Structure formats: C-alpha cells, structure tokens
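Participant: Below are the sequence and a predicted model for it; my questions follow.
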Amino acid sequence: MWLRQQTRQVKVKDVPIGGGAPVSIQSMTNTRTEDIAATLQQIKALAEAGCEIIRLAVPHAAAVEALPAIVAQSPIPVVADIHFDYRLALGAIEAGVHKLRINPGNIGSRDRVEAVVKAAAERNIPIRIGVNGGSLPRDILQRYGRTPEGMVEAALRHVKILEDLNFADIVISLKASSVPLTIAAYQLMASKVNYPLHIGVTEAGTVRSGTVKSAVGIGAILAAGVGDTIRVSLTGDPVQEVILAEEILRALQLRHQGLELISCPTCARCQIDLAAVAEEVQERIGGLSVPMTVAVMGCVVNGPGEAREADVGIAGGDGVALLFRKGQVVRKVPEAELVEALVAEVEQIAAERAGK
Ligand code: SF4
C-alpha cells in the first residue's frame, strides 16, 4: 500500500476528500445543465459506473435555476463550476450544491468575494481552486513562465484570499495538458500545503491519448502518495472517464473492491481467441462487487502457473480449457463452455465469500 500524504479533510456532502479518506472519483456532465432530465440521466449513469462526486458547469442563470431539482435528485454530491460571476456562485449555494469550483481571485471586488465565501462557510461547502496551466495570469507567466512554480504561485494567490477570510475548506487542482508539468506542479504544491488535492490531466485528448496521459499523469502523482480525489478528462462519454478512473485506482491497489480481470498477452502457445473471451468475461462479471482476481490465460502449459495469484481462472487449450483456483486445476471444460464455466465458478466463490 502506498504511503499517502496526510491532508486536511473536507466533506462534499457525505463524501470526504483528504485526511486519509479513499481517493474519490469525480466526473463532469457534458449535457446542458438547464436540461434537467438529460443532466440527471447522465449523473445517474455516471454514479452507476462508480462516480462519487459530479461537477456541472453553471455558465448562466438558467443553469442556476435547474440546480435545485438536480441537487434534489442526484444520487451523488453536486459541484457547481463557476467562472467569474459571483451571482451565479451565490445562486448555486442557495440551490444547495455541495461544493463550488471557483477561483476567488477572479470574482472581482472584495465584498463580492466575501459574500461568496461567507455563504459557502455558512453551509459548510468546500471551494475548489482550479489553476489551468494554459491560462496563467500574465505577471506570473512573465516571472515564472509556464512552469510548476508558476502554477503553484497562481493557485496560492487564490488560496491566500480564502485564508485571509478564515476559510479553510479548500481543495486545489493544478491541471495542465502536459503530463510532466502536471506531475511536477502537484509535487511542488504537496510540499507547500496540506489542503487536499484534486488530480487530473486536462485536455487529455481522445480516448487513446487521454487514457495514456491520464493513467501516466494521475498514476505517477498518486504513486508518490499525493492526491485525494481524481478526475480523468476524456473527449467523449464521461462514463468512460469514470471507468478509467476506477482502473487507475485499482491498478495502484488504492481500491480493492470488485473484480480485477487479468489476462495474458498471448503468444504462439495460445490456441483460442483470448481477447474475445476476456471481453466476454469482463462483460458478464465486470460489475461484480466482491473483491476477486479472475484470470483469462491463453494456454494450459503456463496459464495456471503464471496466474497462481488469481482466485480463479481459465487456461485455453486445444478444444479443452482448464479451470483453476489459485493455480490448482479444478477441472477440464470443453472450449465452447469455458466462459460459462468460469462465470459459474466466480459466482460460486462470490456466494462462498458472502456466506462467510
Ligand atoms: Fe503464452 Fe500461455 Fe503465457 Fe498466455 S499463458 S502468454 S499463451 S505462455
């Protein structure tokens, strides 16, 4: 298990961030927020996929008006994402959102900042400060360039405004589209403050490049013990973001619940369509909530041994597959029935564990 940096804890409704809480998964809707039905439908799909906190853009008054209904029916806490307009921030707080994403330095006059911070404090709503490497203030760019130091300095300016108003329920994000810049910025910030950090690589791109950039960037930061909540950014269906976020946390063993499917890369010994089998197994039992490692291996020669850490697995052969538990062969099954046999064995193990 990774040694995690201890941060201050904030609570987004009932979801804690930081202070030893499990790293939580966030996503953002891409519906029009004022379309209440579509937004709620997407939030529910995201929650089902494992999203624990959902952020919505609140760009205008129509979006604020939709918030009470969305907050009331959302199964997970709602974050309002606001740029500049303090009236939208006040409206969102009034509507019952559970967290704000706003940069206090962008709100304007001090009395406006105070009004927002006071309203957030009264309702125990944390504020996330989000600095984007692509839009640093001009003076910071001149002094530091687009560097980790510049990003941290930009964020700390916003932090200072909140601290001066005795507001400490702060979460910080420092996203950039460059993976090395993102990693270095979070590491630097973690050495300076103990506020919880929201981790992500922004504008990560299409599913392929976004998956790699997010896994490498978020993975490296988490592996260094930094980061309290994550958001994967992909261009496309946000459900994919949540699935990928779960995979990153599982790969780092920061989450143990549910099924971990392992499969071999195949080689000349493999005589079955292993990719299709792995996909089918994932499809059939991927939603299992009982912690279990399931192996799908390409050959009977090395499969059971290579996957001896798995709770259960199959190894394909020439027309006959071996079903095994912890590397020990349980029985032979005809190739045509191997998925059925594996699924039945997984369900049996799940039932055994539930009965304990
Ligand atoms: Fe090759 Fe068998 Fe190992 Fe898969 S389990 S990589 S098929 S030797």
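Facilitator: Good, I have the coordinates.
Participant: Report how many residues lie close to the closest residue to Gly286 other than its chain neighbours.
Facilitator: Closest residue to Gly286 apart from its sequence neighbours, by Cβ to Cβ, 6 or more residues apart in numbering: Leu259 at 6.2 Å. For glycine as for every other residue, the C-beta is placed from the backbone atoms N, C-alpha and C. Residues lying near Leu259 (other Cβ atoms under 10 Å) number 20.
Participant: ditto for Lys332
Facilitator: 13.
Participant: Equivalent analysis for Thr206, please.
Facilitator: As a measure of burial, Thr206 has 10 neighbours, counting by other Cβ under 10 Å.
Participant: Does Arg331 fall in a helix, a strand, or a coil region?
Facilitator: Following DSSP: H, G, I helix; E, B strand; the rest coil, Arg331 is assigned to strand.
Participant: show me the contacts for the residue nearest to Gly286.
Facilitator: Contacts for Leu259 (Cβ atoms under 8 Å, 6 or more residues apart in numbering) come out as Ile285, Gly286, Gly287, Leu288, Val290, Pro291, Met292, Thr293, Val294, Val346.
Participant: surely the second one meets Arg250?
Facilitator: If I follow you right, that is Gly286. No - using Cβ atoms under 8 Å, Gly286 is not in contact with Arg250, being 11.7 Å away.
Participant: And the residue of the stretch 51-200 of the chain that's closest to the ligand?
Facilitator: Val179 (29.9 Å; Cβ to the nearest ligand atom).
Participant: Pretty sure that residue sits against Ala215.
Facilitator: No - using Cβ under 8 Å as the test, Val179 is too far from Ala215 to be in contact (9.9 Å).
Participant: what about the helices in the protein?
Facilitator: 36-49, 61-73, 86-94, 110-122, 138-144, 148-164, 179-192, 207-223, 238-251, 274-285, 303-306, 338-355 (DSSP state H).
Participant: okay if I get those as TSV plus distance to Ala21 and mean pLDDT?
Facilitator: Below are the helices of the chain laid out as TSV (distance: least, Cβ to Cβ, whole Å; pLDDT from 0 to 100):
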stretch	distance to Ala21	mean pLDDT
helix 36-49	18	96
helix 61-73	22	98
helix 86-94	23	97
helix 110-122	20	96
helix 138-144	31	95
helix 148-164	21	96
helix 179-192	16	96
helix 207-223	14	93
helix 238-251	13	92
helix 274-285	28	91
helix 303-306	36	89
helix 338-355	25	89
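Participant: right, so of those helices, which gets closest to Gly18?
Facilitator: helix 179-192 (11.4 Å; Cβ to Cβ).
Participant: by contact count, what packs against the closest one?
Facilitator: Under the contact definition 3 or more Cβ pairs under 8 Å, 6 or more residues apart in numbering; DSSP states H and E, helix 179-192 sits against helix 148-164, strand 170-175, strand 197-199, helix 207-223.
Participant: Including distance to the ligand and mean neighbour count, could these go into CSV?
Facilitator: Converted to CSV, these look like this (distance: least, Cβ to the nearest ligand atom, whole Å; neighbours: other Cβ atoms under 10 Å):
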stretch, distance to the ligand, mean neighbour count
helix 148-164, 41, 20
strand 170-175, 38, 25
strand 197-199, 33, 27
helix 207-223, 22, 19
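Participant: List the contacts of Asp81.
Facilitator: Applying Cβ under 8 Å, 6+ apart to Asp81 gives the contacts Met28, Arg55, Leu56, Ala57, Val58, Arg101, Ile102.
Participant: Oh, that last question was meant for Ala220, not what I typed.
Facilitator: Each residue near Ala220 by Cβ under 8 Å, 6+ apart is listed here: Val179, Ile183.
Participant: Show only the entries of the contacts of Asp81 found in strands.
Facilitator: The strands, defined by DSSP state E, take in Met28, Arg55, Leu56, Ala57, Arg101 from the contacts of Asp81.
Participant: now the residues you listed in a markdown table, with neighbour count, distance to Ala275 and pLDDT?
Facilitator: What follows is the ones in strands among the contacts of Asp81, written out as a markdown table (neighbours: other Cβ atoms under 10 Å; distance: Cβ to Cβ, whole Å; pLDDT from 0 to 100):
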| residue | neighbour count | distance to Ala275 | pLDDT |
| --- | --- | --- | --- |
| Met28 | 19 | 32 | 96 |
| Arg55 | 23 | 35 | 97 |
| Leu56 | 28 | 37 | 97 |
| Ala57 | 17 | 38 | 97 |
| Arg101 | 25 | 40 | 96 |
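Participant: between the helices of the chain, which one is nearest to Val320?
Facilitator: Nearest of the helices of the chain (Cβ to Cβ): helix 338-355, 8.9 Å.
Participant: how about the closest one as PDB, C-alpha atoms only?
Facilitator: Output of helix 338-355 as PDB, limited to C-alpha atoms (Å, rounded to 0.1, in the frame of the first residue of the first chain):
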ATOM      1  CA  LEU A 338     -15.200 -22.100 -20.900                       C
ATOM      2  CA  VAL A 339     -16.900 -18.700 -20.300                       C
ATOM      3  CA  GLU A 340     -20.000 -20.300 -18.800                       C
ATOM      4  CA  ALA A 341     -17.800 -22.500 -16.500                       C
ATOM      5  CA  LEU A 342     -15.700 -19.500 -15.400                       C
ATOM      6  CA  VAL A 343     -18.700 -17.300 -14.700                       C
ATOM      7  CA  ALA A 344     -20.300 -20.200 -12.700                       C
ATOM      8  CA  GLU A 345     -17.100 -20.600 -10.700                       C
ATOM      9  CA  VAL A 346     -16.800 -16.900 -10.000                       C
ATOM     10  CA  GLU A 347     -20.400 -16.800  -8.800                       C
ATOM     11  CA  GLN A 348     -19.800 -19.800  -6.600                       C
ATOM     12  CA  ILE A 349     -16.700 -18.100  -5.000                       C
ATOM     13  CA  ALA A 350     -18.700 -14.900  -4.600                       C
ATOM     14  CA  ALA A 351     -21.500 -16.800  -2.800                       C
ATOM     15  CA  GLU A 352     -19.000 -18.600  -0.600                       C
ATOM     16  CA  ARG A 353     -17.500 -15.300   0.400                       C
ATOM     17  CA  ALA A 354     -20.900 -13.700   1.000                       C
ATOM     18  CA  GLY A 355     -21.800 -16.600   3.300                       C
END
